[in-house]
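**Student:** Sequence isn't available, so here's the structure alone:
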């Protein structure tokens, strides 16, 4: 190849990598809303109470435990498509199947079966995220990680516009398309089939991808031992701890369930760790040991949990707050929160990625974290002042084929202002946060380590749901949003304390 053509080839390869990252972000974001805010809208419109919806946010538990099976995706390579692409195609086809099953189940007539299917969707979605995160981290050079993080958020949020925003408009019986929720979920299953085709045909192989040097037999035995330990912990909690707490707190069943949940975590995690060590789950143990060998590893995990905690607290019951408490119409919420808001998140992510080039990782995390905390006060203001305080706008009727509004839809000015600020700041914070997570990973254990880090990052989003539902009913929405604002302060304190090791992270990938 002649010298003049080499830079062009390198630029084309870089644009191919960034396109792939965007498409994978879309595939990752699509199923999340279907077990999160879109599912909450389905449950709210079906008449379930807020506390029940809060507890059903626990269907996202697999996102916090995905590091337990991620080592298998580091260790084993499927035939034909390679280690990363093979797992991607399998998980995306499995997502299509579980979404179809969820579409065929009623959340009111078969609530338990519906919840179990939602857990299955979350499990396969978390598994897909394991592979996507590992592939993206292995694929992108250090210089492309800031922009790659922004484009990942772009694809991710575009998917949430489809599965969250457009879905709410489609299901509005008067303003939208009048779709049923099962029809929406069947459509999303078809999109996941298309994603599997794209993964098989467009994703480049990773050249010389490092793999763990561990015994396959030990890994399989270790994984099954770990599953048995987790099942034993869940059964012990369900059959012994939960009934005991309900008997001790007969007048507060929701608080008893919340305490049982916390006790179950305290029982299950040590059992799982003991089983992994005894059965020599080598890839998991080696990946964790490699991560914890770096300076500040434990402090980084605490910071990862805390950084998005206030944001997750405020967002955990966003849809029920807007639909049931504020009585906004589904189409209005869909247009503002899920379409306009998510486009602003994309804008925030792109601006955040650009600002990171000037600010650096630590200063970007600090500035964007302050903005995230301030955005929670907007929801407090909305809960206190209600509708109609600020002049709004009117979205004219339209019909674009794939989405329509049957009549002009008024949009409250206060809602628009609050959602705009929240999504801009959230997008900026997410771009910096994803780049931070990638900087912590060793390429031999990318799936295991990124799964561990992102699992800790999802702790707030998943685990605050039950507490949020109980608190919102007990103290009211204004006090709830004040507490969510205060929940962001510990992360900002830790960020200041960790400024030296964070500034040292902007280096090449760890491969020893």
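**Tutor:** Arrived safely. This structure is a prediction, so every number in the text was calculated from the model and none was measured.
**Student:** Is residue 86 in contact with residue 78, as I believe?
**Tutor:** Yes - between residue 86 and residue 78 there is a contact under CB atoms under 8 Å: 3.0 Å. Using the backbone N, CA and C atoms, a C-beta is placed for each residue, glycine as well.
**Student:** Wait, residue 408 touches residue 394, no?
**Tutor:** Yes - under the criterion of CB under 8 Å, residue 408 makes contact with residue 394 at 5.2 Å.
**Student:** In the record's domain split, what are the boundaries for this structure?
**Tutor:** 16-215+280-503, 216-279 (automatic domain parsing).
**Student:** Out of the helices and strands in this structure, which is least certain?
**Tutor:** The helix or strand of the chain with the poorest confidence is strand 404-405; it has a mean of 66 (mean pLDDT, DSSP states H and E).
**Student:** Which positions in whichever helix or strand comes after it come out as buried?
**Tutor:** Per DSSP states H and E, the first helix or strand lying C-terminal to strand 404-405 is strand 409-411. Of the residues in strand 409-411, 409, 411 count as buried by neighbour count, 16 or more other CB atoms under 10 Å.
**Student:** Also stretch 139-149?
**Tutor:** 139, 140, 145, 146, 147, 148, 149.
**Student:** Identify all contacting residues around it.
**Tutor:** 14, 17-18, 20-21, 136, 204, 206, 349, 353, 356-357, 430-432, 434-435, 438-439, 506-509 (CB atoms under 8 Å, 6 or more residues apart in numbering).
**Student:** pLDDT on that stretch, on average?
**Tutor:** Averaging pLDDT along stretch 139-149 gives 77.
**Student:** now that stretch, how far from the centre of its chain.
**Tutor:** 20 Å (CA atoms, centre = their mean, to the nearest Å).
**Student:** start to end distance for that stretch?
**Tutor:** This stretch, stretch 139-149, spans 12 Å end to end (CA to CA, to the nearest Å).
**Student:** Neighbours of residue 80, how many?
**Tutor:** Counted with other CB atoms under 10 Å, the neighbours of residue 80 add up to 9.
**Student:** in terms of contact, does it touch residue 86 like I think?
**Tutor:** Yes - counting by CB under 8 Å, residue 80 does reach residue 86; the two are 6.9 Å apart.
**Student:** Wait, residue 156 touches residue 28, no?
**Tutor:** Yes - if you go by CB under 8 Å, residue 156 and residue 28 touch, sitting 5.7 Å apart.
**Student:** Residue 250 belongs to a strand, doesn't it?
**Tutor:** No - secondary structure of residue 250 (DSSP: H, G, I helix; E, B strand; the rest coil): coil, not part of a strand.
**Student:** Residue 156 and residue 28: which is more packed in?
**Tutor:** residue 156 (26 against 21).
**Student:** how close does the more buried one get to residue 148?
**Tutor:** According to CB to CB, to the nearest Å, residue 156 and residue 148 sit 12 Å apart.
**Student:** what does residue 411 give?
**Tutor:** Taken as CB to CB, the span from residue 411 to residue 148 is 34 Å.
**Student:** again with residue 33
**Tutor:** 22 Å.
**Student:** contact partners of the helix or strand harbouring residue 502?
**Tutor:** Using DSSP H and E, residue 502 sits in helix 499-503. Outside helix 499-503, the residues that touch it by CB under 8 Å, 6+ apart are 295, 296, 299, 300, 360, 361, 362, 365, 436, 495.
**Student:** residue ranges of the helices in the stretch 401-512 of the chain, please?
**Tutor:** Remark: helices assigned in the stretch 401-512 of the chain by DSSP state H, counting those that start in this stretch are 413-439, 446-457, 459-475, 477-486, 489-497, 499-503.
**Student:** Low-confidence regions, the stretch 401-512 of the chain specifically.
**Tutor:** Residue ranges of the stretch 401-512 of the chain with pLDDT under 70: 401-405, 443-444, 459-463, 465-466, 506-512.
**Student:** hmm, back to that, just the buried subset of the contacts of stretch 139-149, please.
**Tutor:** 14, 17-18, 20-21, 136, 206, 349, 353, 356, 430-432, 434-435, 438-439, 506, 509.
**Student:** Which of the contacts of helix 499-503 are buried? Put it as a PyMOL command.
**Tutor:** The buried subset of the contacts of helix 499-503, as determined by 16+ other CB under 10 Å, is captured in PyMOL by this line:
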select buried, resi 296+300+361+362+365+436+495
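**Student:** nearest to residue 162, of the contacts of helix 499-503?
**Tutor:** Nearest to residue 162 among the contacts of helix 499-503 is residue 436, at 27.3 Å by CB to CB.
**Student:** Test my guess that that closest one contacts residue 365.
**Tutor:** Yes - at 6.5 Å, residue 436 and residue 365 qualify as touching, with contact defined as CB under 8 Å.
**Student:** Run through the residues that contact the residue lying closest to residue 90 once chain neighbours are set aside.
**Tutor:** Leaving aside its chain neighbours, residue 90 sits nearest to residue 78 (6.9 Å; criterion: CB to CB, 6 or more residues apart in numbering). Listed by CB under 8 Å, 6+ apart, the contact set of residue 78 reads 86, 87, 90.
**Student:** All the helices of the stretch 51-200 of the chain, residue numbers only.
**Tutor:** Going by DSSP H, counting those that start in this stretch, the stretch 51-200 of the chain shows helices at 62-65, 70-75, 83-103, 111-139, 145-160, 167-170, 181-202.
**Student:** Can you tell me which of those helices is nearest to residue 320?
**Tutor:** It's helix 167-170; of those, that one is closest to residue 320 (CB to CB) at 12.9 Å.
**Student:** Kindly provide the distance from the closest residue to residue 318 other than its chain neighbours to residue 322.
**Tutor:** Spatial nearest neighbour of residue 318, excluding adjacent residues (CB to CB, 6+ apart): residue 37 at 6.6 Å. According to CB to CB, residue 37 and residue 322 sit 10 Å apart.
**Student:** Overlap of the contact sets of these two?
**Tutor:** Both residue 37 and residue 322 lack any common contact, where contact means CB under 8 Å, 6+ apart.
**Student:** so where is the stretch 1-150 of the chain shaky, pLDDT-wise?
**Tutor:** For the stretch 1-150 of the chain, the stretches with pLDDT under 70 are 1-6, 49-52, 54-55, 57-58, 79.
**Student:** ok, which stretches of the stretch 201-350 of the chain are helices?
**Tutor:** Using DSSP H, counting those that start in this stretch, helices in the stretch 201-350 of the chain cover 216-236, 242-248, 253-278, 282-292, 297-307, 309-315, 318-320, 330-333, 341-359.
**Student:** how far off helix 282-292 does the longest one point, in degrees?
**Tutor:** Taking axes from the mean of the first three to the mean of the last three CA atoms, to 10 degrees, one finds helix 253-278 and helix 282-292 inclined to each other by 100 degrees.
**Student:** and helix 253-278, average pLDDT?
**Tutor:** pLDDT averaged over helix 253-278 gives 79.
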